[in-house]
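Q: Coordinates only, no sequence provided:
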């Protein structure tokens, strides 16, 4: 029973380090200045600038709806949305066709290639091996959709594309924080949305973008890109500090030419794709033949790329950084100790004060004395009989 | 040689802080209670609840395949998948058309606009400037695909859509941990998959979703959304604790109306898009004219949005949090010191025990004495001749 | 005034812990070895291997452009890109059709189902309820596009797909670090790009992939997948250490069969989708009827999945890990203290040196003495009159 009581009294003791207080102006000032610098670093940089008290998440859930508007002339026709946008559903990636090279009335069969001595890249069908006589200019025969496409035709692109507008509806969610936002505030009235165009300074909430403006922001020339096609990225960046009002979690638009990284490579400049419209001839009922119109479309492809980074206060990073801050303040002592014990006048005297020395030989002498005398029990009682549990020392050492 | 030996013996010494053990019930209990609270916080909240011993990654690699099934009547026709799903490939974003406003037999040419004194939004072609006489109702002439579309037609949507089913196949990978999962377990048998429909309670592994159910989960009314179109998000959330069995890394489905954030804006309600089917007339061979059928499709767009957050044990965050935990336990001493040295009875006596004072004047006196006597060498030997290396102090200070 | 001066002199003091230096080989060596192990762990594992000095981000912005090349024979026709790729725009997800089951000339109407006693899964239209007499083999009548599709036809897939090539252009950006990269270096010359095919050993920068190679890398058999269709993932992984040259931030390609996780389920094997081409009959002008050709396409769907993980030096994680490292080195003392104070010969003597004891009774005696004598003021002056501000103790305790 008294053993248990002894254990309890030992447990509810409190250990604190014995300290040496040095009343020296030089070390005192260095100490406080170093501490101040560390505190400033943590408060200003780590907590205020880097927001180390937040958990951050860049896993964003995004849905994009787009709608293009405008009319243009191409190839003596008026083109509308159903003609020049592909795919038509208004997804996050869509193309506005600026130039169409149309090969009408292609039937399956055999015909000569378009250009003589064709390199493997421009072949429009399977080469049969038979090469047509020189009256055809030395061209080889191919099997496939005939006549073969001639994509060397020079054609004026649809210049009205520059004035087309793109309406973007983007709703996002940060699943970690369950916050949902739209790219334009609900306070915008219908008349404004109907008439505005985006402008980073005056109309940064307007969700309608003029194609010409977008190209200008990326530093691209419209007439060049209309000829060759190209890929334009409309980045919507959501950088949200969710400790503030959700209303301030707003999109930031930026515009890049996505194929710019490949600019130096001669190959794969611009953007184009081929598609066909399929028809049937009406040679009497039940006797129809398939034919198609092949389209080589040069287009501006728009990729709406949505990225997000949200941060919100969380106890775990806050505490870890606070503990790191406090610990770092303690690091100042290391520097001051070095100065105090080495470079200050009277360093040896300070050392004598700070360090108490025990060597094995001293202990040896003490032990031999103790075994002689009968005072060992008393001596033992004087010192703390700490049972060596880790928890008892930890608080002193850390 | 003896210098080196001296250095080695100095190096292999061990410094430990000198401590004051306070045998006081009040401070002792406060000390242990504070330590207990800190330990509980770390064990329960940081480690068990927030799983601070894991690295987490939200960068997920996802592939979605969808397949819609069902038949409906619209405009006196039976519509099947090839008619009402767009795009047809079964990707993560697809539309089910609920209502089609069809403008048949459009040819390129000149014709009057549909409604008189048209606002700029509903124009169907390029206004020529010539305005047709009043017998036409004051309507202006346009150039483009004629006749112009009249999208004010009232039409009944395809009500059978409510019973259509969507089959979703989603395979994901966490590239950081190289874990691959599918949205339904391989143990599900074919008969079950063929006949089940998803239900969060009874059939939460079934990958087949009834459109009507999905709309109900989002709180939407089917007949309204079928009329105007809308965007529905099917979120598949993968929250995986990879320290457990991979089998328990399962998807969680949730359903939202994506355009809900824009509900308050009168513009851009619902969802629709236009597409055209192209035909050729057969006015004798090689004399064909293009015409098209324009479709304004009101559709429910489904976006399958996949997000993931996986966590797995990693030594780096574990260690940092453990060190933070130990250090925080030490912070308890700060509180106890304040109590001990200020608010306890006998605080001044405790202070006298804890702090040893050295002032510059004391050192001055010692130094002057030493320079007089010849005992300086001896004094120097007594104290630890630590060479001031950072590593020697660090362990004491931290 | 002298009070303020006193406060200032007290503030600019420096507290350092009083230490006991133990000159013992055993504890000294243990101490240094433990410290060395902790330092090695931090330097080698935490800093060099896990790069804990970096902030990492897996939120990547990616844009993919693809282009397929090749010709094949199917159903006695030559198929080109416009025929077998869907969707045609060259996005990140596209299908190469390997087998087409074509149902020609479907008109709206009533007709018998294809197979008798149809199960609900293969129905091609709405069952009217009327069942045709036994001369039709007991088949039921349906309403919809007639004749009904018979997808049980055995057909040879287009074997040339194996030699088709896929050109992939991928440009990415890490928005957190504002680094943009393309999947092939600008130093690659045009002739090389035109002729190369990807190979993980010899041509790992070549952006052109042969379909047969891709299937081989995933361990799939071409003729099986061409029959049933399938989903193939081409993963582009960007693992970038942005502390090094950006030039070394290169893509790494890997190939997986995405539907492999569902392999064990009998349902939903392979990949197929239905689409229709729409035509009009020419029964005199303005008297046209719609008909369509239904295509059931078995295809290999390619998903280009781009993931990224970039790391860059940042002061916040570096500092936190450094502080954790320093603190951990201090943890070595805990172990050494346990050994010193419990297991070493003369442990009790060491304890006596390390711990100074104060008990409440001692303080009581001191207090009673003080109140008697008039020396209390003097005693107070001797000890540090620390005002208990947290900052004053923190540096000692941590």
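A: Received the coordinates, thanks. Here the structure is a predicted model, which is why all the values come from computation and not from measurement.
Q: And the pLDDT for residue A:283?
A: With respect to pLDDT, residue A:283 has a value of 66.
Q: Strands along the stretch 201-350 of chain A, start to end?
A: Taking DSSP state E, counting those that start in this stretch, the strands of the stretch 201-350 of chain A run over residues A:208-210, A:230-241, A:251-257, A:272-280, A:290-313.
Q: of all those strands, which lies closest to residue C:200?
A: Of all the strands of the stretch 201-350 of chain A, it is strand A:230-241 that lies closest to residue C:200, at 27.2 Å by C-beta to C-beta. Placement of C-beta: from N, CA and C, glycine included.
Q: does any part of the closest one sit near chain C?
A: Yes. On the criterion C-beta under 8 Å from any C-beta of the partner chain, strand A:230-241 is in touch with chain C at A:231, A:233, A:235, A:237.
Q: do you know how far the first one is from chain B?
A: Separation of residue A:231 from chain B (C-beta to the nearest C-beta, to the nearest Å) stands at 19 Å.
Q: what number of residues lie near the nearest residue to that residue once chain neighbours are set aside?
A: Using C-beta to C-beta, 6 or more residues apart in numbering or on different chains and skipping the chain neighbours, the partner closest in space to residue A:231 is residue A:258 (4.1 Å). Residues lying near residue A:258 (other C-beta atoms under 10 Å in any protein chain shown) number 30.
Q: Now for residue A:258: which residues touch it?
A: Residue A:258 makes contact with A:231-233, A:303, C:63, C:171, according to C-beta atoms under 8 Å, 6 or more residues apart in numbering or on different chains.
Q: ok, residue A:217 to residue A:84 distance?
A: Residue A:217 sits at a distance of 22 Å from residue A:84 (criterion: C-beta to C-beta, to the nearest Å).
Q: so can I have JSON lines of the strands of the stretch 201-350 of chain A showing mean neighbour count and distance to residue C:12?
A: Formatted as JSON lines, the strands of the stretch 201-350 of chain A follow (neighbours: other C-beta atoms under 10 Å in any protein chain shown; distance: least, C-beta to C-beta, whole Å):
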{"stretch": "strand A:208-210", "mean neighbour count": "19", "distance to residue C:12": "62"}
{"stretch": "strand A:230-241", "mean neighbour count": "21", "distance to residue C:12": "39"}
{"stretch": "strand A:251-257", "mean neighbour count": "18", "distance to residue C:12": "48"}
{"stretch": "strand A:272-280", "mean neighbour count": "21", "distance to residue C:12": "75"}
{"stretch": "strand A:290-313", "mean neighbour count": "21", "distance to residue C:12": "36"}
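Q: Would you reformat those as CSV and include mean pLDDT and distance to residue C:92?
A: Shown next, in CSV, are the strands of the stretch 201-350 of chain A (pLDDT from 0 to 100; distance: least, C-beta to C-beta, whole Å):
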stretch, mean pLDDT, distance to residue C:92
strand A:208-210, 95, 22
strand A:230-241, 93, 12
strand A:251-257, 93, 17
strand A:272-280, 93, 14
strand A:290-313, 93, 10
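Q: Format those strands as CSV; extra columns: distance to residue A:108.
A: Shown next, in CSV, are the strands of the stretch 201-350 of chain A (distance: least, C-beta to C-beta, whole Å):
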stretch, distance to residue A:108
strand A:208-210, 43
strand A:230-241, 33
strand A:251-257, 39
strand A:272-280, 12
strand A:290-313, 7
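Q: between the ones you listed, which one is nearest to residue A:151?
A: strand A:290-313 (5.2 Å).
Q: in chain A, which spans are helices?
A: When secondary structure is read from DSSP state H, chain A shows helices at A:2-11, A:25-40, A:81-84, A:190-195, A:211-217, A:222-228, A:315-338, A:347-354, A:360-372, A:376-382, A:390-397.
Q: Would you convert those helices into a markdown table that also reports mean pLDDT and mean neighbour count?
A: Output for the helices of chain A, formatted as a markdown table (pLDDT from 0 to 100; neighbours: other C-beta atoms under 10 Å in any protein chain shown):
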| stretch | mean pLDDT | mean neighbour count |
| --- | --- | --- |
| helix A:2-11 | 86 | 11 |
| helix A:25-40 | 90 | 17 |
| helix A:81-84 | 94 | 22 |
| helix A:190-195 | 82 | 13 |
| helix A:211-217 | 95 | 19 |
| helix A:222-228 | 92 | 17 |
| helix A:315-338 | 85 | 21 |
| helix A:347-354 | 85 | 21 |
| helix A:360-372 | 79 | 13 |
| helix A:376-382 | 44 | 12 |
| helix A:390-397 | 36 | 20 |
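Q: Can you say which of those is nearest to residue C:274?
A: helix A:81-84 (22.4 Å).
Q: Can you name every helix or strand that that closest one contacts?
A: strand A:61-69, strand A:93-112, strand B:272-280 (3 or more C-beta pairs under 8 Å, 6 or more residues apart in numbering or on different chains; DSSP states H and E).
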